[in-house]
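Structure of the sequence below:
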Amino acid sequence: MLDDNTIYTVSRLNNEVRLILEGSFDMVFVEGEISNFAAPHSGHWYFSLKDASAQVRCAMFRGNQKQLGFLPKDGMHVLLKARVSLYENRGEFQLIAEDMEERGEGKLRRAFELLKKKLEAAGLFDQAHKKPLPDFPKQIGVITSATGAAIKDILTVLQRRFPCVPVIIYPTLVQGDAAAAQIVSAIQTANRRDECDVLILARGGGSLEDLWSFNEESVAQAIYQSKLPIISGVGHEVDFTIADFVADKRAPTPSVAAEMATPDKGDWLKRLAHYQQQFTRRVQQRLLSLQQHFGFMQKQLLQQHPKRRLLEKRQYLENCELTLVQLQNQLIHQWQIKINEVSTHLYRVSPTQSITAKQHQLHLAQQQLQHQISIKLSTQKTQLANAAATLDAISPLATLKRGYTIAETKAGQIIKKASQVTVGDEIHLRFAIDSIKCIVAGS
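Modelled structure (predicted):
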C-alpha cells in the first residue's frame, strides 16, 4: 500500500517543485519579445516572454519597476534579469523579473531620442550654425565606404551633373563599432587638409542598428565643429540619423546628396545660353542707344559749329542791315515829306521882294568883304615879307652860312666860354648844313 508520505497533494507538489526550481537556478538573464503585457490596478506587471519556438510567463513586481526608464509594451525586445520560480496556485512555471533592459532596435530608438533631445538643447541643430553650400565647388570630398553602393551612386551622379569637378574620397567604415571613430577622423582630416569646398557624408540604407555609427555623439560633434559644409546622405528617405540633424544639409539618399553638392550641367548650360541671349540683346540695345546718342550729338555739334554760328550771325547782321536801311529810307522819306511840307509852307508865306532886296544887299556886302579881304591880305603879305627879311638878317643860320659854327654841349647847351667844358667832354659843332661830334683835348 502507498504510504501517505509518498502521495503528493497538488499544493505540496507545486511547493516542492518551486523550491527545487528556485534552489537549482541562480539569477538568470533571459532575452525575448514581450507579449500579452498586462498592468492591473495592483501595479504589478504580467506578461509573456517568447522567442521563435517557445514562451514563458513572467511577472515584475511594483517595487522593481521604479528603476526602469521606460514602459514595456507588446513587441518590445528586452533582456530580463530574473529568478526562476513556479506560481503554485496554477502550477505555472514563471520568471520573476528584477530588472529589465531594452534590447535591439527599441533600445537604439530610445537612445536615439535621448541623444537627439540633448544635442537639440545644446544648439547643434540650430539653423544659425548651418553653413551655405558653394554654388560651384572646386573640389568635393566624399566620406563613405570605398566599396559600397553609395560611392558608386554618388560618382555616377557627379559625372552626369558636373563632370569637371574633382572628387576626393575619404574611405571609412560605415557600420560596426569602429565606424564612428573612422568617420570622425575622416571629417577632421578633410578640415585639416582644407582641399574641398563641401563634404558628402553617406552610406546606403539599413536597419537602425546598421546606421547607428551616424547616431553617435562623437560624429555629431565632429560635423558641428567642421568648417567645411557637410551634406548628410545616409540611408533611404525614411531613415533619419543624428548626423542628418547636425549636418548643414540633409539629403534623403546619397544620390540626392551628390545632386545637392553640384550644379546641374544642363541647367547651367541653358542658363548660360539665356544669359548670352540677354547679354547680346543688351549689347545690341546699348549699341543702338549709343548710335542714336551719337547721331544726336552730331546734330548738336553741327548746330554749335563755329561756321554755323558765323552763318547765323551773318544772317542776323544782314537782317539788321536790311532793317537799318529800311528805317533809314523810312526816316529820309519822312523828312523829305516834312521838308516838302515846310518848303510849300515857306513858299506860301515867303516875302519875295524882301528876300530879293536882302539878296542884293548880301551880294553887295559880299563884294565889299572880298575887297577888304584882298586889301588885308596884301598888307599882311608885305608885313610878312619884311619880317622874314629882318629875321633872315639876324638868323644864326645866316651866320653859319658865312662859315661860322655853333658849339653845344652833349646836353644841347650852347657853349659861350671855355669854362663850360673840361678835357674829355663830348661837344657838338653845328654847321649850316650838318654837324659833327668832337672831344675836348685842351684849352
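
going forward, measure contacts and count neighbours with C-alpha atoms only.
Noted.

can you tell me which residue is nearest the centre of the protein?
Closest to where the C-alpha atoms of the chain average out (C-alpha atoms, centre = their mean) is residue 135, at 16.6 Å.

Let me see the backbone angles for the closest residue in space to that one that isn't next to it in sequence.
Distances taken as C-alpha to C-alpha, 6 or more residues apart in numbering put residue 263 closest to residue 135, at 6.7 Å, once the chain neighbours are dropped. Backbone torsions for residue 263, taken as degrees, to the nearest 10, come to phi -80, psi 150.

start the count at 847, not 1, going forward
Yep, numbering from 847; the last one is residue 1109 now.

And for residue 1109, the neighbour number?
Using other C-alpha atoms under 10 Å, residue 1109 has 17 neighbouring residues.

For the nearest residue to residue 872 once chain neighbours are set aside, name its beta-bridge partners.
Once flanking residues are discounted, residue 872 sits nearest to residue 929: 6.9 Å by C-alpha to C-alpha, 6+ apart. Here residue 929 shows beta-bridge partners residue 942, assigned using DSSP bridges.

Run through the residues that contact residue 929.
Counting by C-alpha atoms under 8 Å, 6 or more residues apart in numbering, residue 929 makes contact with 868, 871, 872, 873, 874, 941, 942, 943, 944.

Kindly report the same for residue 1095.
Applying C-alpha under 8 Å, 6+ apart, the residues near residue 1095 are 976, 1076, 1077, 1078.

can you rerun that using 10 Å?
With contact set as C-alpha atoms under 10 Å, 6 or more residues apart in numbering, residue 1095 has these partners: 976-979, 1046, 1075-1079, 1089, 1103, 1106-1107.

swap in residue 983?
Contacts of residue 983 (C-alpha under 10 Å, 6+ apart): 1008, 1011, 1012, 1042, 1043, 1044, 1107, 1108, 1109.

let's go with 8 Å and repeat that
Contacts of residue 983 by C-alpha under 8 Å, 6+ apart are 1011, 1042, 1043, 1044, 1107, 1108.

can you list the domain ranges for the protein.
850-948, 955-972+985-1113, 1246-1285 (automatic domain parsing).

Helices of the stretch 1147-1289 of the chain, residue ranges please.
Secondary structure of the stretch 1147-1289 of the chain (DSSP state H, counting those that start in this stretch): helices located at 1152-1195, 1198-1240, 1242-1247.

Those helices: which one's closest to residue 922?
helix 1152-1195 (103.6 Å; C-alpha to C-alpha).

circling back: now the buried members of the contacts of residue 1095.
976-977, 979, 1046, 1075-1079, 1089, 1103, 1106-1107 (16 or more other C-alpha atoms under 10 Å).

Which of these sits closest to residue 965?
Of the buried ones among the contacts of residue 1095, the one sitting nearest to residue 965 (C-alpha to C-alpha) turns out to be residue 1089, at 10.8 Å.

any idea which element that closest one lies in?
Element membership for residue 1089, per DSSP states H and E: helix 1088-1092.

For PyMOL, write the select line for the buried members of the contacts of residue 929.
Buried residues within these, by 16+ other C-alpha under 10 Å, are selected in PyMOL with:
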select buried, resi 941+942+943+944
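
how close does the closest residue to residue 1285 other than its chain neighbours get to residue 1206?
Counting by C-alpha to C-alpha, 6+ apart, residue 1285 lies nearest to residue 1272, which is 4.7 Å off, once chain neighbours are set aside. Using C-alpha to C-alpha, to the nearest Å, one gets 72 Å for the distance from residue 1272 to residue 1206.

neighbour count winner among those two?
Here residue 1272 and residue 1206 are set side by side on neighbour count (other C-alpha under 10 Å), and the busier one is residue 1272, at 16 against 12.

got the contact list for that one?
1255, 1256, 1283, 1284, 1285, 1286.

The fifth one and residue 1268 touch, don't they?
Read that as residue 1285. No. In this structure residue 1285 lies outside contact range of residue 1268 using C-alpha atoms under 8 Å: 9.6 Å.

Residue 891: what's it in contact with?
So residue 891 contacts 883, 884, 885, 905, 906, 907, 908 (C-alpha under 8 Å, 6+ apart).

least confident pick among these?
Lowest-confidence member of the contacts of residue 891: residue 908, scoring 87 (pLDDT).

what's near enough to touch that residue?
Contacts of residue 908 by C-alpha under 8 Å, 6+ apart are 889, 890, 891.

For residue 1237, the count of nearby residues, please.
Around residue 1237 there are 12 residues (other C-alpha under 10 Å).

where does the stretch 847-996 of the chain have low pLDDT?
847-851, 950-954 (pLDDT under 70).

separation between the residue lying closest to residue 1083 once chain neighbours are set aside and residue 1055?
Nearest non-adjacent residue to residue 1083, counting by C-alpha to C-alpha, 6+ apart: residue 1098, 4.2 Å away. Look at residue 1098 and residue 1055: by C-alpha to C-alpha, they are 18 Å apart.

And for residue 1038?
Distance from residue 1038 to residue 1055, by C-alpha to C-alpha: 30 Å.

the more surrounded of the two?
residue 1055 (16 against 11).

rewinding a little: for PyMOL, what selects the buried ones among the contacts of residue 983?
Here is the PyMOL selection string for the buried members of the contacts of residue 983, based on 16+ other C-alpha under 10 Å:
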select buried, resi 1042+1043+1044+1107+1108
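
which of the contacts of residue 983 sit farthest apart?
Pairwise across the contacts of residue 983, and taking C-alpha to C-alpha, the largest span is found between 1042 and 1108, at 12.7 Å.

thought residue 931 was touching residue 860?
No. Applying C-alpha under 8 Å, one finds residue 931 not in contact with residue 860, separated by 10.3 Å.

about what we covered before: make TSV out of the contacts of residue 1272 and add pLDDT.
Shown next, in TSV, are these (pLDDT from 0 to 100):
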residue	pLDDT
1255	83
1256	78
1283	85
1284	89
1285	87
1286	83
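
Now the buried members of those.
residue 1255.

how about the strands in the stretch 847-996 of the chain?
874-884, 891-896, 901-906, 923-933, 938-948, 986-990 (DSSP state E, counting those that start in this stretch).
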